[in-house]
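Participant: have a look at this prediction, sequence included:
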Amino acid sequence: MFCGAKRVVGPLARAFSSAAAAEAPERKVAVLGAAGGIGQTLSLLMKMSPSVTKLSLYDIVNTPGVAADCSHVNTGAQVTGHVGQEQLGDALKGCDVVVIPAGVPRKPGMTRDDLFAINAGIVAGLVEGVAKNCPEALITMISNPVNSTVPIAAEVLKKHGVYNPKKLFGVTTLDVVRAKTFYAEKNGFDVNTVDVPVVGGHAGITILPLFSQATPSATMSDEVLDALTKRTQNGGTEVVEAKAGKGSATLSMAYAGALFADAALRGLNGVQDVVECTYVESSITEVPFFSSKVKLGPEGVSEIYGLGDLTDYESDALKAMMPELEASIEKGVNFVKNM
């Protein structure tokens, strides 16, 4: 069971499959934050997916230009651009999947918690729009800090009486993408044959790659295992520092976001055995939201899988993350309660 289907380049590999496009039902996808660093690339990748028939792009500025640019790509999805709060409803009406990368990016020295005050308000407003205009849509949350923004979304949806835990997802796919890449490079594997489940959350020590469950398996020293784990946890910081204050992980995050959105669409369309690691309401640990392997289906979450057998190293890491993860969840819940 792969955390993410066996595929070479995800949406890109499927983009030119006329058969896939012909078989899929009509699906509308909205990207909220489409003019941003993640949003523009993500919009292009969603335009290339044969699962998308209507692509709605929304942001507070510049969306008409992004939409016009995207619309010239010779794939089947029809693109519309929407700008400003007054057009949010039009962007969302009839959506099957809403992808939310909106918010400010991380800068050098910033933690995901530093982003909270700004991004929490942005996310709450956008999710309120979803509640009013497409309450049955799947929401895939990219906006950081995901550990808090997903609980924020849940509380906003509860306030409007439309919360369905099966339809709200925190996108942790980038952690899986990084873990697969680093593991394959270190062990000389073809990355397209590699799977590494990543559990927990989507920030620092709450990111826990389960290399003991990776396939193909490899014997690694404790030092190498610890180094790979920390590199996966600090992948975002690695990119922020490499860009010298001029950006964060936009390209890889857009790719990962498109992979997950494509998986959600395939689940909606009844494709069997669509499994992704994602941050959802969960009871497999003591915290109410947790990322693990999740089967996706026509209603969203179909099944949440347990953690499997953990090594002592992984068990200790799981225990260590819990206070931070619990605090991040409470922070999101309290933000909405105090709105």
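Facilitator: Sure thing, it's come through.
Participant: all strands of the stretch 1-150 of the chain, in order?
Facilitator: Under the criterion DSSP state E, counting those that start in this stretch, the stretch 1-150 of the chain carries strands at the ranges 28-32, 54-59, 78-83, 97-100, 138-141.
Participant: of these, which is nearest residue 265?
Facilitator: Of all these, strand 97-100 sits nearest to residue 265, with 6.1 Å by Cβ to Cβ. Every residue, glycine included, has its C-beta placed from N, CA and C.
Participant: what is the burial count for the closest residue in space to residue 185 that isn't next to it in sequence?
Facilitator: Counting by Cβ to Cβ, 6 or more residues apart in numbering, residue 185 lies nearest to residue 191, which is 7.6 Å off, once chain neighbours are set aside. Residue 191 has 13 neighbours, counted by other Cβ atoms under 10 Å.
Participant: these two touch, right, residue 191 and residue 178?
Facilitator: No: if you go by Cβ atoms under 8 Å, residue 191 and residue 178 don't touch, sitting 11.1 Å apart.
Participant: and among the strands of the stretch 1-150 of the chain, the most buried is which?
Facilitator: strand 28-32 (a mean of 30; mean count of other Cβ atoms under 10 Å).
Participant: against which helices or strands is it packed?
Facilitator: helix 37-47, strand 54-59, helix 88-92, strand 97-100 (3 or more Cβ pairs under 8 Å, 6 or more residues apart in numbering; DSSP states H and E).
Participant: pLDDT of that strand, averaged?
Facilitator: Averaged across strand 28-32, pLDDT comes to 98.
Participant: ok, and what's touching that strand?
Facilitator: Residues outside strand 28-32 that contact it (Cβ atoms under 8 Å, 6 or more residues apart in numbering) are 39, 42-43, 46, 52-59, 88, 91-92, 94-102, 126, 129, 134, 137, 261, 265.
Participant: gap between it and the chain center?
Facilitator: 14 Å (Cα atoms, centre = their mean, to the nearest Å).
Participant: that strand pairs with which strands, and in what direction?
Facilitator: As defined by DSSP bridges, the strand partners of strand 28-32 come to strand 54-59 (parallel), strand 97-100 (parallel).
Participant: okay, the ones you listed in JSON lines with mean pLDDT next?
Facilitator: Shown next, in JSON lines, are those (pLDDT from 0 to 100):
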{"stretch": "strand 54-59", "mean pLDDT": "98"}
{"stretch": "strand 97-100", "mean pLDDT": "98"}
